[in-house]
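**Student:** generate a structure from the sequence data that follows.
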Amino acid sequence: MGEFLAAFRKNRTKIWVGAVTLLLVFYLVVSFQRSVLLLLDSNPAAKAIGAAYLVLPAIGAWAMIRELLFGARTEQMAKVLEAEGGLPVDELPRTPAGRIVRSAADQEFEKYKAEAEAAPGDWRSWFRLSCAYDAAGDRKRARASMRDAVKLFRGQVPA
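**Tutor:** Next up is the predicted model:
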């Protein structure tokens, strides 16, 4: 039982991602089925609603695939950095509630920002900058920096 719990804790995020993905796939299949049923109806209004409703599963599938690929590529980059010993070490002080102290994160952020500015073509520096943005609480910029890191990792030039 102890081994099972250890394996669960180690893969907890992947398990939740899999569960949410399965629920989303179920929703997309049901949405697609309902849109087909509406398209087969003889009422023109039902056909129009069915055609409009057909767009939702397509957008949902696209978004799901995009996010899963983003997560897989991020994990792949993290494994490379870990093997190289280049992952940022989380030694930031925390509040009693477990949150990172903002001033310490902001101070650490400046170091990674300077590194990314010095090596704009290195995906490793953008990955670490993304982690610094995340620690500082700026999730929007963290995702943007990680997307740039993914593009550089794949040999593309970010916009």
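**Student:** make it CA atoms for all contacts and neighbour counts henceforth
**Tutor:** OK.
**Student:** summarise which helices and strands the worst-scoring helix or strand of the chain on mean pLDDT is packed against.
**Tutor:** Least confident helix or strand of the chain, by mean pLDDT, DSSP states H and E, is helix 2-10 with a mean of 78. The contact analysis (3 or more C-alpha pairs under 8 Å, 6 or more residues apart in numbering; DSSP states H and E) places helix 2-10 against no helix or strand.
**Student:** okay, buried residues for that helix please.
**Tutor:** The neighbour-count check on helix 2-10 (16 or more other C-alpha atoms under 10 Å) flags nothing as buried.
**Student:** alpha carbons only: can I get it in PDB?
**Tutor:** What follows is helix 2-10, C-alpha atoms only, in PDB (Å, rounded to 0.1, in the frame of the first residue of the first chain):
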ATOM      1  CA  GLY A   2       2.900   2.300   0.800                       C
ATOM      2  CA  GLU A   3       4.300   1.900  -2.700                       C
ATOM      3  CA  PHE A   4       0.900   2.700  -4.200                       C
ATOM      4  CA  LEU A   5       0.700   5.900  -2.300                       C
ATOM      5  CA  ALA A   6       4.200   6.900  -3.200                       C
ATOM      6  CA  ALA A   7       3.500   6.300  -6.900                       C
ATOM      7  CA  PHE A   8       0.200   8.200  -6.600                       C
ATOM      8  CA  ARG A   9       2.000  11.200  -5.000                       C
ATOM      9  CA  LYS A  10       4.700  11.200  -7.600                       C
END
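**Student:** for that helix, what is the distance to the chain centroid?
**Tutor:** Centroid separation for helix 2-10 versus its chain: 24 Å, with C-alpha atoms, centre = their mean, to the nearest Å.
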